[in-house]
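Colleague: Below: sequence and its predicted model.
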Amino acid sequence: MRDSLREQVAVNKQQKEDRIDAALLTLQREFARLELLRDIHSSDTMKRAIAEAYSLCIDFAQGVTLYYSRSTWRRVLEAITKPPQLGIDTKIAAITDAMTEIKTERATLDSKRLHQIQQSVDELQQSMDEVHRNVTGTNGAVEGRLECLQVTSNGSANRLQALHVQNESRLLSILKEQLLPRAYDPNSVLEKYSPLVIDSFRNPGRLTVLNVDRLMRNGLFRKWEETTKASMMLLYGRTGIPARDYCWLSPAVFHLIKVYRGRNHVVIFHCCHDRICMEPDTQAEVVLSSLIYQLLQAKATILREQPRYHELNRKFSDPKWRTISSRPPFAVLGDLLDGFPEVYILLDRIDRIKGQADRFLDPLINMIKRSKCVIKVFLVASSNNHAHPDGKITSEVLTNAEDELGSDRFSSLKLDQK
């Protein structure tokens, strides 16, 4: 009983200080933005929102200073009398609400500015069209007027496009903060992870090194690649180097990313085992959030639709997004995929995704069946470190996938390193 109480006090104290640290880092980042926004947007609503945020942040900083000025035993006492949810969480929630109000007002003002520029472009275009209709012959003065109008119209259109791109980048950054861990970038992870894996199998002794070119000539692979339907291929097997947790089949994913990007396909990917020491299981929502972010990067123009952006932001910030169920992320991913004619999804080490294989594969298969997009899914799984000889990829998993998609849309290939 006493040990349990002591442990709970320690947990409360650590949780409180972790949340303080995270909040301070966020405030440090947001304060620089507030200074910039105050100069760019000067609406009364924005001024009030920024003033409210400043007041809350100052109050929070004073409270943090007071907290850390206390002795350790007093902080322990506070962990008993004021757990995080009764004190620090309330203040952080108030600051978060104030920041959300600022972001909403900023988005509204940006949309208004873009609309005004678009109106200006439309008016110039109408003026040009009117002049064209009234011209019955060649006239130097008229031609000069037309040329002037064209230059003005082109300049306005270029400014509008630049504002659109700037706004898309800002909105995408906001959504990235909701979706991905701080400073996480899929391409940077790939650049660091792929050489580690490849180097691990560079001198395997008597064991085989994966020949990806030979794999791409394999009949099953060619069937998957050449079909014009949404389809899935699963490559799995055991790695013969027991001292390493890397999979000898992972280089297939790295190679195919380069190949399909080189062919100008839309490619999204995720590496579920991207470093030597990491948690044994990756949450499905982490994988799906990474894929969603990459799709938004590939087609950021959809963020010009304000209702859609706000809906995405609401879903990503909802606590349900990070629950055990992967339904919300799969639903958003499926909706975004419908806006593309074809997308390649390449996933390395799906055996590292938390839970049994069918828990992730079943909704993935349903998405493939229902999507308007031609989704080409390529999966790699390791059979090592699992009780079953084939790891999570059991005969039941393979049978179910083939039953759902059909043999023309599902292929599996087992390759053990020997």
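Modeller: Looks like it came in fine. Residues are numbered from 1 along each chain as shown.

Colleague: Could you find the closest non-adjacent residue to His273?
Modeller: The spatial neighbour of His273 that comes closest, neighbours along the chain excluded (Cβ to Cβ, 6 or more residues apart in numbering), is Arg349 at 4.3 Å. For every residue, glycine as well, the C-beta is placed using N, CA and C.

Colleague: Can you get me a residue count around the one you found?
Modeller: 23 (other Cβ atoms under 10 Å).

Colleague: Could you do Leu256 as well?
Modeller: Leu256 has 22 neighbours, counted by other Cβ under 10 Å.

Colleague: Give me the distance between it and Leu210.
Modeller: Applying Cβ to Cβ, to the nearest Å, the value for Leu256 to Leu210 is 12 Å.

Colleague: overlap in contacts of the two?
Modeller: Residues touching both Leu256 and Leu210 (Cβ atoms under 8 Å, 6 or more residues apart in numbering): none.

Colleague: Using the three-state scheme, assign the nearest residue to Tyr193 once chain neighbours are set aside.
Modeller: Closest residue to Tyr193 apart from its sequence neighbours, by Cβ to Cβ, 6+ apart: Asp274 at 4.4 Å. Secondary structure, DSSP: H, G, I helix; E, B strand; the rest coil: Asp274 is coil.

Colleague: Next up, the contacts around Asp274.
Modeller: Applying Cβ under 8 Å, 6+ apart, the residues near Asp274 are Val189, Lys192, Tyr193.

Colleague: Could you check the pLDDT of the residue positioned nearest the centre of the chain?
Modeller: Centroid-nearest residue in the chain: Tyr293, 2.8 Å away (criterion: Cα atoms, centre = their mean). pLDDT for Tyr293: 96.

Colleague: That one contacts Leu175, correct?
Modeller: Yes. Between Tyr293 and Leu175 there is a contact under Cβ atoms under 8 Å: 7.2 Å.

Colleague: domains of the protein?
Modeller: 2-179, 186-414 (automatic domain parsing).

Colleague: winner for burial among the ones you listed?
Modeller: Most buried of the domains of the chain by mean neighbour count (mean count of other Cβ atoms under 10 Å) is domain 186-414; its value is a mean of 17.

Colleague: so how far does that one reach from one end to the other?
Modeller: End-to-end distance of domain 186-414: 27 Å, with Cα to Cα, to the nearest Å as the criterion.

Colleague: just stretch 204-212 next, same as before
Modeller: First residue to last in stretch 204-212 (Cα to Cα) measures 16 Å.

Colleague: just to revisit the earlier point, so what's the residue nearest to the centre of the chain closest to, chain neighbours aside?
Modeller: Tyr293 sits nearest to Leu179 (Cβ to Cβ, 6+ apart), 5.0 Å away.

Colleague: surely the one you found meets Ser289?
Modeller: Yes. With contact defined as Cβ under 8 Å, Leu179 reaches Ser289; the gap is 4.3 Å.

Colleague: any common contacting residues for those two?
Modeller: Counting by Cβ under 8 Å, 6+ apart, the shared contacts of Leu179 and Ser289 are Phe316.

Colleague: sorry, back to before: what's the spacing between the residue nearest to Tyr193 and Leu415?
Modeller: 22 Å.

Colleague: hey, which strand is longest across the chain?
Modeller: strand 374-382 (DSSP state E).

Colleague: ok, and what's touching that one?
Modeller: Against strand 374-382 from outside (Cβ under 8 Å, 6+ apart): 224-225, 228-239, 247, 249-250, 252-253, 256, 337, 341-351, 357, 364, 367-368, 391-393.

Colleague: Which SSE is immediately downstream of it?
Modeller: helix 395-405 (DSSP states H and E).

Colleague: that older thread, in helices only, show me the contacts of Asp274.
Modeller: Secondary structure from DSSP state H places Val189, Lys192, Tyr193 of these in helices.

Colleague: In TSV, list those along with pLDDT and distance to Lys103.
Modeller: Below are those laid out as TSV (pLDDT from 0 to 100; distance: Cβ to Cβ, whole Å):
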residue	pLDDT	distance to Lys103
Val189	86	27
Lys192	88	32
Tyr193	87	33
